[in-house]
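A.B. asks: Could you look at this predicted model? Sequence included:
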Amino acid sequence: MNVMRRHRTRPDADLAARALAGDRAAMGALLDRHYDLMFRVAFRALGRRDAAEDVAQDVCVKLARGLANWSREGRFETWLYRVVLNAAHDAGRRLARDGRLRDEWAREPRETVTGSDDDRADTMWRAVRRLPPAQAEAITLVYGEGLSHAEAAATMGCATATVGYHVHAARTRLREMMEEEAA
């Protein structure tokens, strides 16, 4: 898998450099390549399809200017995770400020078949969204996106051990929350 990642990283860097220089086709290719990632991360963070679509679209619009902030020292995807998570947090704060977020999560139409194995996953991801932000981010990146602790640490801007702590604390709290819900 690392070989595949290295292969994708170079084209991402090339596309980003060309997009930053004003190449619209390169920007389009970069957005096309990563739109699903942007939507998926936003959806896991917010739990709402409409809000995730809005975040993904906002990130697409802001990406052209934001590319100048990418240091090019790390992977493009690592930087992009942070951009999307920040945008999702902003959207979540706006929704919470309106007093609608928790109520709308409860009313969100299910995208899974009732009675399927996905029911437990839906319940778990709703619980993840109730965790403290750092714990929710660590769980989303490690379990939702399959990043290593080191990759999640680079995205979150913290030490690998800190990610491990957040994952452990989140798993403990999630276990408690799932038991409470089952009772």
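C.D. replies: Nice, thanks for sending it over. Numbers count the residues shown, from 1 in each chain.
A.B. asks: in this structure, what spans have low per-residue confidence?
C.D. replies: Where the chain drops to pLDDT under 70, the residues are 1-10, 97-118.
A.B. asks: what's the nearest residue to the spatially most central residue of the chain if we skip its chain neighbours?
C.D. replies: The chain has residue 41 as the residue nearest its centroid, 2.6 Å off, counting by Cα atoms, centre = their mean. Once flanking residues are discounted, residue 41 sits nearest to residue 84: 4.6 Å by Cβ to Cβ, 6 or more residues apart in numbering. All C-beta spots, glycine's among them, are computed from the backbone N, C-alpha and C.
A.B. asks: got a list of what that neighbour touches?
C.D. replies: 37-38, 41-42, 45, 55-56, 59 (Cβ atoms under 8 Å, 6 or more residues apart in numbering).
A.B. asks: Now do the SS call for the residue nearest to the centre of the chain.
C.D. replies: helix (DSSP: H, G, I helix; E, B strand; the rest coil).
A.B. asks: in terms of contact, does it touch residue 145 like I think?
C.D. replies: Yes - look at residue 41 against residue 145 with Cβ atoms under 8 Å: they come within range, at 6.8 Å.
A.B. asks: what's the overlap in contacts for the two?
C.D. replies: Common neighbours of residue 41 and residue 145 are listed as residue 81 (criterion: Cβ under 8 Å, 6+ apart).
A.B. asks: about what we covered before: among the contacts of residue 84, the buried ones, what's the PyMOL command?
C.D. replies: To isolate the buried subset of the contacts of residue 84 in PyMOL, counting by 16 or more other Cβ atoms under 10 Å, use the following:
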select buried, resi 38+41+42+45+55+56+59
